[in-house]
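Trainee: I'll drop the sequence and a predicted model, then ask my questions.
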Amino acid sequence: MVGIGETVELHGHRGARGLRPENTLPGFAHAAELGVDVIELDVGLSADGVVVLGHDQVLSPANLADTAPAQPDDPAFPYVGKPVRELTLAQLKTVDAGVRQRDDAFARTQRPLPGTPIPTLAEACALLAPTHVGLAVELKTDPGWTDEEIGLFTAAVAGVLAAAGMTDRSRLLAFDWRVLVEAHRNHPGLRRTALIERKTLVPGTRWLAGLPPDDPVAAAAAIGATALSPEHAITTPGLVEDAHALALPVAVWTVNAPADMARFITYGADAIVTDYPDRFARAAPRPSATARADRSDG
């Protein structure tokens, strides 16, 4: 993320979820064509240790559909509805991620691309490496994961980004702040974005790496976060000001109306995360592609 106050970054949520299938290579390519600065994506870990893309820890029937088993008479088939961690890459690769399965707002604006497979993080890196686009990689864990599992998952993601030469252009995101603590300790070359929303800030929360939710901005700084990403519903001018006082840029999610984008920009937000990157131009002027490519952090 660029420095506080320099410009406002455009982050494509799950690529460009409102326009193309989420967390897919065609979606990322389209987001890059639209001029996003950063692509936000979600990752999980397959049963055979491959970092794969997907928003949910369980394959969701909202945006995924089974095709055929990875091998005849596979007892795990059908795969949709099963945990990602219980399926191999071969099994996951049979799932069609190219058509919205739920009749909702995204289905009405998203161009279907049937036959699009679930990609790996390595494949996403290979696609985006030649571009200027940065990566915001959200690790999908929860407080039920053990610390050992958190460590293994974080190391796997960091390893893929390093192998692709994408460390400097990437940041890790997590609601489960143990991921950020682990990254700060063992993968300091990766920037770390603390995600917050209403349900992770309740009394007794287990999401914040053992810290109380009373002052999430101070807590994020205390665990070594390098940026804060709040849910739009809890983002106020005061929250942005508090984050900036601790040198934490603020990326607000998920903002789809141009009027709301403009409002958060007036609050001082440093980045807008949106399902519709094509709408951002109505809220804020964009620097040229050359200027974006020249940014020190991609």
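Mentor: Received it, and whenever you're ready, just let me know what you need. What you see is a predicted model, and the numbers here were worked out from it, not measured in a lab.

Trainee: which residues sit in contact with residue 92?
Mentor: Residues in contact with residue 92 (C-beta atoms under 8 Å, 6 or more residues apart in numbering) are 46, 52, 59, 79, 84, 118. C-beta coordinates here come from the backbone N, C-alpha and C atoms, glycine included.

Trainee: which residue packs closest to residue 261, ignoring adjacent ones?
Mentor: residue 283 (3.5 Å; C-beta to C-beta, 6 or more residues apart in numbering).

Trainee: And that neighbour, how far from residue 63?
Mentor: Separation of residue 283 from residue 63 (C-beta to C-beta, to the nearest Å): 27 Å.

Trainee: Could you count how many residues lie near residue 112?
Mentor: Residue 112 is flanked by 12 other residues according to other C-beta atoms under 10 Å.

Trainee: before we move on, back to that, and the residue nearest to residue 261, what's its pLDDT?
Mentor: Residue 283 carries a pLDDT value of 80.

Trainee: again with the one 4 residues further on
Mentor: The predicted local distance difference test score for residue 287 is 54.

Trainee: what's the burial count for residue 266?
Mentor: 10.

Trainee: Verify the stated contact: residue 65 with residue 94.
Mentor: No - at 10.2 Å, residue 65 does not count as touching residue 94 under the criterion of C-beta atoms under 8 Å.

Trainee: Any regions of the stretch 151-298 of the chain where pLDDT drops low?
Mentor: Within the stretch 151-298 of the chain, the stretches with pLDDT under 70 are 285-298.

Trainee: Try it again at 90.
Mentor: Where the stretch 151-298 of the chain drops to pLDDT under 90, the residues are 281-298.

Trainee: Sketch out the strands for it, chain order is fine.
Mentor: 170-174, 191-196, 227-230, 251-252, 271-274 (DSSP state E, counting those that start in this stretch).
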